[in-house]
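S.K.: any chance you could fold what I've pasted below:
(chains A, B, C and D)
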Number of protein chains: 4
Amino acid sequence: MATGLRIDSFAGAAPENSQGEDFVRVGVIGYGYWGPNIVRNFHTQERSRVVAVCDKSVKSLQRARQAHPDVPVTENWADLLEAADIDVAAIVTPVWTHYELAKAALENGKHVFVEKPFTRTTAQAEELIELAERKHLKIMVDHTFLFTGAVRRIRQLIGDGTLGELYYYDSTRVNLGLFQHDVNVIWDLAPHDLSIMDYLIKEKPEAVVATGERHLNGVADVAFLTLYYPNNMIGHINVNWLSPVKVRTTLIGGEKKMLVWNDLEADEKIKIYDKGVEKSGDVYKLLVSYRSGDMWAPRVEQTEALKIEAAYFIDCILNDKKPFNDGVAGLHVVRMLEAADRSLEQKGKIIRL
Amino acid sequence: MATGLRIDSFAGAAPENSQGEDFVRVGVIGYGYWGPNIVRNFHTQERSRVVAVCDKSVKSLQRARQAHPDVPVTENWADLLEAADIDVAAIVTPVWTHYELAKAALENGKHVFVEKPFTRTTAQAEELIELAERKHLKIMVDHTFLFTGAVRRIRQLIGDGTLGELYYYDSTRVNLGLFQHDVNVIWDLAPHDLSIMDYLIKEKPEAVVATGERHLNGVADVAFLTLYYPNNMIGHINVNWLSPVKVRTTLIGGEKKMLVWNDLEADEKIKIYDKGVEKSGDVYKLLVSYRSGDMWAPRVEQTEALKIEAAYFIDCILNDKKPFNDGVAGLHVVRMLEAADRSLEQKGKIIRL
Amino acid sequence: MATGLRIDSFAGAAPENSQGEDFVRVGVIGYGYWGPNIVRNFHTQERSRVVAVCDKSVKSLQRARQAHPDVPVTENWADLLEAADIDVAAIVTPVWTHYELAKAALENGKHVFVEKPFTRTTAQAEELIELAERKHLKIMVDHTFLFTGAVRRIRQLIGDGTLGELYYYDSTRVNLGLFQHDVNVIWDLAPHDLSIMDYLIKEKPEAVVATGERHLNGVADVAFLTLYYPNNMIGHINVNWLSPVKVRTTLIGGEKKMLVWNDLEADEKIKIYDKGVEKSGDVYKLLVSYRSGDMWAPRVEQTEALKIEAAYFIDCILNDKKPFNDGVAGLHVVRMLEAADRSLEQKGKIIRL
Amino acid sequence: MATGLRIDSFAGAAPENSQGEDFVRVGVIGYGYWGPNIVRNFHTQERSRVVAVCDKSVKSLQRARQAHPDVPVTENWADLLEAADIDVAAIVTPVWTHYELAKAALENGKHVFVEKPFTRTTAQAEELIELAERKHLKIMVDHTFLFTGAVRRIRQLIGDGTLGELYYYDSTRVNLGLFQHDVNVIWDLAPHDLSIMDYLIKEKPEAVVATGERHLNGVADVAFLTLYYPNNMIGHINVNWLSPVKVRTTLIGGEKKMLVWNDLEADEKIKIYDKGVEKSGDVYKLLVSYRSGDMWAPRVEQTEALKIEAAYFIDCILNDKKPFNDGVAGLHVVRMLEAADRSLEQKGKIIRL
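M.R.: The predicted structure follows:
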């Protein structure tokens, strides 16, 4: 190859003390926006090393070399997936490539760590899940937010009954760009919320209504999703690529307490309000009264989420555990995205799940 | 009457120098949450006086007396509407009473100032508009926000082309309570946004999709409206009675500039961002690029909106002008509310307007 | 008098059921910026009524009449102070007039409610205190902030040991104007902080250092005060009439917890941080370690402070109690202001108290 | 050496194409908190490379190796300073070591890049400046803030007269720790402000007043500085290691406009207010009036300040230019710190400069 970046073996990059089950060798495909974080985090774990980086852009590979002179690079993903001394393929590429790359990885006996959203269709996701099971390999979908201190804390607060029965979950996730060519704003931004809701809320949504509009490059850049859950619980997601300000705020209303999660706050990301409305018995009189008490902002763990996630995946592989953010979790999100797209095309027609 | 609050004539309360066209005598029906503001503002104008206050609650009337010892009060709205020396009936009561009271007022030859939303149905609104026209009387619907410095400034910025063609209008209006018995959260909070959008946006919406849920007293307390406009412009309104925090934020995206209106900011209510996305010509390559420039917060007039509105209504009456927030403007809002209710009941079914 | 505002007797304004000790009749001198609040609050208490308002400006008196048609007004303060049917003189005038008016009031047997700062000199304050004692009359200095929910909550948090031993108290109180002619920015803004500190902090300051500068009308418009307390506790007050933004923030550092009071927050005025520094024993090694825990914002009572203060003064008069914000409390503040002025003139020379 | 970290020559680490004047080889002493940023920035410049890293901690050197496997490390600073193939010594160590290290570097013919504050005493600073001049070597003191987009923009706004004549400069720089052993909070935090003020304000301060208190480890952890300038301009710096919240806010008041710089804002770091006070001519009447206009937040360059600073120092060396943040600039700051210490010890006694 003209670039001189081709590699024949990645083995040299693995630490000398690597032997059998105790160590995971990761090959990373895709070194664009998010890839460098994947490489850095898998490369600095105690029980893993990145042994190859692949990208079709020579410029990206040069960036990889500068940051990690000890890691071989290649332009050819097939080389990487076929290499014997790689245990995990981390796929950090656009969504339309996930299926092909993940399938090849699994067929070559590699575990798969793949960016969200998992695949472009539910059929692809189902096929990959089936293939991985057959091959006894792990799939982890990179829903990074599930490993943040904030989401783990909220899960705890819902799980232990602090909030009480949930009334609604309302997320606003808007900013200027990044524009995608192949997917709309729902596929770009809503997977965060959909995976978080899947993780936090015990019940599963029964139907989705999506509205939105396209203004610039033929795909929706502003969109609004409503998710109907059992027991009158309702979800709402506001995603927008054309907002002058960045907002990452989620309101969660519960019977006992209410919560505001502002992910842009440096400290005090989560605030829990002892506020609420209480039903009184008499059906003929005023039915509700208000309660207003203290607010409380619990300390939230600050460790980088991707670091925790990488360590968790390594542990799942080395100890043969099933990750909770596995292919099935990824499939749940893809199913919601497909339904949202169908609703969006029909201007808000309800899609039963 | 046992309460001793009954009055036979309100004339004594009008200033001695009142004569003919130059002065407006206002009778106010309803002295609950908003009524005191109406009384105070009409009573302190140069060319109007409040000459009677009516409420069915004796306690409310006592509050009125304490605040305005010079203004007669009554429990009987028919007295007020039949009094010869009253020019304007200000109706500050629950929406289900508006039609009956406004109709009686018009039939008694009074101009009508009425709380938003105008009526409970479009049919009622149309009948009142027709009656007022026949009687040569004015109707003003109290869409107070249209008289704020913020809304007037935004209208100017849209009107003079500063924002360019509009892409979207997205309002969040959430807080804890007040719960209504007779109407849902859409009828309570969305009339603000609907009247503002009607005032700011040149085009009219073509369809509405509403989703939401009820949790406590049988009416929706959380709801989301999408409004489809011509030319891919889209509107969105998020209203919620169960939010632990109060939010009053509107994002407006335009082709040239983008705007954030946070009505809870003491200063800097409006921020205009020289930010945007530009389409580039080549359909096969990256289609959009970003622009990020200065932000600018214009000074916003701070005069109380209701004071300006009251003066404007008096001027409309004395000089026979048609208020822009007249019955027709009120009808536009009621039509949207009716459509939203129909969509909500059918879980987001699109309703063409 | 040409204005026709003169009154001969105020008795008619008092409620008919007023008799003896159970009712307090208040005459208010000064109806400028703050006076209307004083009148409104004393006039709407159950056990007091405003029976006269005095101002040398006819325009101010007209405003008073419009707001309270039932309350007689006068331009002549001597009339008011000599009237037999007045129990309390509320002095809401510039500080240089306080001594003369309060003295006349006390000599006429009236209790005195007087704006902060109490007097222009400590000698004046001492004389008034002595006179009131001799006459068995009450003085209350209007340090309104002491009656806010925020200050009362902070006092409780310090008193019950939540914060632990105090390290520092640091207040920033800046905004654009109001410019005063007769006093500098320290006399205008710092009395709030000085009275609050006097109320919250058990120990008394031992010395003060003040720096600052004048730019426009010959008096300091920017100033910084440092107060030295026993046990290394330190206070700091930053006052400024030339700030483009309004800031009302106080940091209080304690051994156990730290507190931020932002008085401009609608909710969450007080935040208590479970953060701190701990000394470790080994004097030769790292001496401190950090602790970072939850944050907590207690609900703060929202009742108007002046309403509570007025009720408290009435109770002190009717039940012969000594108010805690009495002349002596006012004197403490005046003494600090005098010392600050002396330090300021000598560019920060320390003044022992 | 037992650690095996010793190096004999650093030449191998320099790029092959390095020749003569066109390339700068940097040795970095100190790889603690800030050192990694220095190494990264000098190592990724086009015209410089880090060719050695020195730290007395083996653990720090291991961190350096992991981040930069291509850069030799050593525990012995003398080795580094005596190496022939090093052009610049970057000294990123505690302040009490600066003089000795910088002196040795200069005597060995190395240019010096040194952390702020420059030295522990003015005498040391003066000696180093004189030595550098004699040896025709450059000193740059790392006042990084001078290279931020915010400070450069403010300098421009002051320089072009936008703010008008300055009235005051008031900085609050508080947070929880880091505690230092050898210096107090003034030496730790105030050098930022002092260097920025030296850079922004044309006039030099004439005197300083410092107050403060120590609570934990024997050095002041809370301190307040006032700087007197000619023409009634006043400066104020509030530094505190015991604040539960981090604040980085500077108010700058000018005759024409006022500015707020909040360095913790992601966007909108600088806000310029068209607000002010105007003197009117009549000395007997109201002397000032207020002006309140728009606010404007200029876009601020986001490039990492240290990257710009490193490039600038390389340019100064290769093209024999005098950096503006040279030893003399560093000396100005040390002189202020010394004066502040003397004032602090005498509880606010004014120290003339």
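S.K.: could you use CA atoms for every contact and neighbour count after this?
M.R.: Will do.
S.K.: what segments of the stretch 201-350 of chain A are strands?
M.R.: Assigned by DSSP state E, counting those that start in this stretch, the stretch 201-350 of chain A shows strands spanning A:207-214, A:220-228, A:234-240, A:242-254, A:258-262, A:270-279, A:288-297.
S.K.: may I see these arranged in TSV, with mean neighbour count as well?
M.R.: Output for those, formatted as TSV (neighbours: other C-alpha atoms under 10 Å in any protein chain shown):
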stretch	mean neighbour count
strand A:207-214	26
strand A:220-228	25
strand A:234-240	25
strand A:242-254	22
strand A:258-262	23
strand A:270-279	20
strand A:288-297	16
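S.K.: export the ones you listed to CSV and tack on mean pLDDT?
M.R.: CSV is the format used below for the strands of the stretch 201-350 of chain A (pLDDT from 0 to 100):
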stretch, mean pLDDT
strand A:207-214, 97
strand A:220-228, 97
strand A:234-240, 98
strand A:242-254, 96
strand A:258-262, 97
strand A:270-279, 85
strand A:288-297, 82
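S.K.: in a markdown table: those strands, plus distance to C:Ala123.
M.R.: Converted to a markdown table, the strands of the stretch 201-350 of chain A look like this (distance: least, C-alpha to C-alpha, whole Å):
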| stretch | distance to C:Ala123 |
| --- | --- |
| strand A:207-214 | 73 |
| strand A:220-228 | 69 |
| strand A:234-240 | 65 |
| strand A:242-254 | 57 |
| strand A:258-262 | 54 |
| strand A:270-279 | 51 |
| strand A:288-297 | 45 |
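S.K.: check the residue nearest the centre of chain A and give its pLDDT.
M.R.: Geometric centre of chain A, nearest residue: A:His143, 2.0 Å, by C-alpha atoms, centre = their mean. A:His143 carries a pLDDT value of 98.
S.K.: same check, this time on A:Leu216
M.R.: On the pLDDT scale, A:Leu216 gets 86.
S.K.: and the helix or strand harbouring A:Asp193, what does it pack onto?
M.R.: Taking DSSP states H and E as the criterion, A:Asp193 maps to helix A:185-200. Helices and strands touching helix A:185-200, by 3 or more C-alpha pairs under 8 Å, 6 or more residues apart in numbering or on different chains; DSSP states H and E, are helix A:149-159, strand A:166-176, strand A:220-228, strand A:234-240, helix A:327-345.
S.K.: how about it as CSV, C-alpha atoms only?
M.R.: Provided in CSV are the C-alpha atoms of helix A:185-200 (Å, rounded to 0.1, in the frame of the first residue of the first chain):
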residue,chain,number,x,y,z
VAL,A,185,-32.0,13.8,14.1
ILE,A,186,-34.0,11.1,15.7
TRP,A,187,-31.4,8.4,14.8
ASP,A,188,-28.7,10.8,15.9
LEU,A,189,-29.8,12.1,19.2
ALA,A,190,-32.8,10.0,20.5
PRO,A,191,-30.9,6.7,21.0
HIS,A,192,-29.4,8.3,24.1
ASP,A,193,-32.9,8.9,25.6
LEU,A,194,-34.4,5.7,24.3
SER,A,195,-31.6,3.6,25.8
ILE,A,196,-31.8,5.5,29.1
MET,A,197,-35.6,5.1,29.3
ASP,A,198,-35.3,1.4,28.5
TYR,A,199,-32.8,1.2,31.4
LEU,A,200,-34.7,3.3,33.9
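S.K.: how far off centre is that helix?
M.R.: Chain-centre distance of helix A:185-200: 7 Å, with C-alpha atoms, centre = their mean, to the nearest Å.
S.K.: list the contacts of it.
M.R.: Identification of contacts with helix A:185-200 by C-alpha atoms under 8 Å, 6 or more residues apart in numbering or on different chains yields A:116-117, A:143, A:145-146, A:151, A:154-155, A:158, A:171, A:173, A:179-180, A:204, A:219-223, A:237, A:239-241, A:329-330, A:332-333, A:336-337, A:340.
S.K.: burial of the residue nearest to A:Ser243 when sequence neighbours are not counted, as a residue count?
M.R.: Among residues not flanking A:Ser243 along the chain, A:Asn175 sits closest, at 4.7 Å (C-alpha to C-alpha, 6 or more residues apart in numbering or on different chains). A:Asn175: 17 surrounding residues under other C-alpha atoms under 10 Å in any protein chain shown.
S.K.: likewise A:Leu353?
M.R.: A:Leu353: 12 neighbours (other C-alpha under 10 Å).
S.K.: would you mind confirming that it is in contact with A:Glu206?
M.R.: Yes - taking contacts as C-alpha atoms under 8 Å, A:Leu353 lies within contact range of A:Glu206: 5.3 Å.
S.K.: can you tell me which residues contact the residue of the stretch 101-250 of chain A found nearest chain C?
M.R.: Here the stretch 101-250 of chain A gets closest to chain C at one residue, A:Arg153, 12.5 Å apart by C-alpha to the nearest C-alpha. A:Arg153 is in contact with A:Val300, counting by C-alpha under 8 Å, 6+ apart.
S.K.: ditto for A:Arg335
M.R.: A:121-122.
S.K.: 10 Å - rerun?
M.R.: Neighbour list for A:Arg335: A:119-123, A:125, A:341, A:353 [criterion: C-alpha atoms under 10 Å, 6 or more residues apart in numbering or on different chains].
S.K.: can you show me the CA trace of the worst-scoring helix or strand of chain A on mean pLDDT as PDB?
M.R.: Least confident helix or strand, chain A: strand A:288-297 with a mean of 82, by mean pLDDT, DSSP states H and E. Written as PDB, here are the backbone C-alpha positions of strand A:288-297 (Å, rounded to 0.1, in the frame of the first residue of the first chain):
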ATOM      1  CA  VAL A 288     -55.600  18.100  44.300                       C
ATOM      2  CA  SER A 289     -53.300  19.900  46.700                       C
ATOM      3  CA  TYR A 290     -49.700  20.900  46.400                       C
ATOM      4  CA  ARG A 291     -46.700  20.000  48.500                       C
ATOM      5  CA  SER A 292     -43.500  22.000  48.300                       C
ATOM      6  CA  GLY A 293     -40.500  21.000  50.400                       C
ATOM      7  CA  ASP A 294     -36.700  20.800  50.200                       C
ATOM      8  CA  MET A 295     -34.600  20.200  47.200                       C
ATOM      9  CA  TRP A 296     -31.700  17.800  47.300                       C
ATOM     10  CA  ALA A 297     -28.800  17.300  44.900                       C
END
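S.K.: isn't the residue nearest to the centre of chain A up against A:Val114?
M.R.: Yes - shown here, A:His143 and A:Val114 form a contact pair, counting by C-alpha atoms under 10 Å, at 9.2 Å.
S.K.: overlap in contacts of the two?
M.R.: In contact with both A:His143 and A:Val114: A:326, A:330, using C-alpha under 10 Å, 6+ apart.
S.K.: backbone phi and psi for the residue nearest to the centre of chain A, please?
M.R.: The phi/psi pair for A:His143 (degrees, to the nearest 10) reads phi -90, psi 80.
S.K.: got a list of what the nearest residue to A:His98 once chain neighbours are set aside touches?
M.R.: Using C-alpha to C-alpha, 6+ apart and skipping residues adjacent in sequence, the residue nearest A:His98 is A:Thr119, 5.8 Å away. By C-alpha under 10 Å, 6+ apart, the contact set of A:Thr119 is A:94-100, A:102, A:125-126, A:128, A:141, A:327, A:330-331, A:333-335.
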